[in-house]
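J.: everything below, folded, please.
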Amino acid sequence: MRSIRTAVVRVLVLAALTTSAIGAVAQSPTRIPLPNNSPFPISQGVWVGNTLYLSGTLDPDFSKSPAKDTKAQTVGALQSIQKALAAQKLTLGDVVMMHVYLAADPAIGKMDFAGFMGGYTQFFGTKEQPNKPARSAMQVAALAAPGALVEIEVIAVKP
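T.: Prediction:
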């Protein structure tokens, strides 16, 4: 009796997974090109159904002198993300997941998580914008753009 129950559960799980996979394949992705006719072979974002996946975003002014710290680069990156979301008729309130990549700040010789949080908390969990997305934050050896300390990618869902 137990083996029959186990077999039935396995069949039901397999059916659910197959149906889910077929639904995902049936949704055609819509790609958003990078701004300014960038030569990079990536999209700024990709829509799949009601979900928008935005590529990693840097503060567009991270390399300007004097060098910006982690907090300032976080604010710049999140402002860029706000603009990209607004162009797609979304807001930071629609963000459901965020991945954050932090490089060591040479001024302090280590990752500045407090600086990141100082910038982040200006945009999330505030009275004006109470959304608190799921988030992962990790230290990386370096980011692709020399001098960049913060790169953020987000997933947003259209309400």
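
J.: residue ranges with poor pLDDT in this protein?
T.: 1-26, 37, 65-67 (pLDDT under 70).

J.: for residue 153, give the beta-bridge partners.
T.: Counting by DSSP bridges, residue 153 is bridged to residue 99.

J.: what sits against it?
T.: 53-57, 98-99 (C-beta atoms under 8 Å, 6 or more residues apart in numbering). No exception for glycine: its C-beta is placed from N, CA and C like everyone else's.

J.: same question, residue 130
T.: residue 93.

J.: how far away is it from residue 69?
T.: Distance, residue 130 to residue 69, using C-beta to C-beta, to the nearest Å: 27 Å.

J.: ditto for residue 103
T.: 12 Å.

J.: looking at these two, which is more packed in?
T.: Neighbours per residue, other C-beta atoms under 10 Å: of residue 103 and residue 69, the larger number sits with residue 103, 21 against 17.

J.: roughly how far apart are the nearest residue to residue 131 once chain neighbours are set aside and residue 108?
T.: Nearest in space to residue 131, with sequence neighbours left out and distances taken as C-beta to C-beta, 6 or more residues apart in numbering, is residue 93 at 4.5 Å. Residue 93 sits 32 Å away from residue 108, going by C-beta to C-beta.
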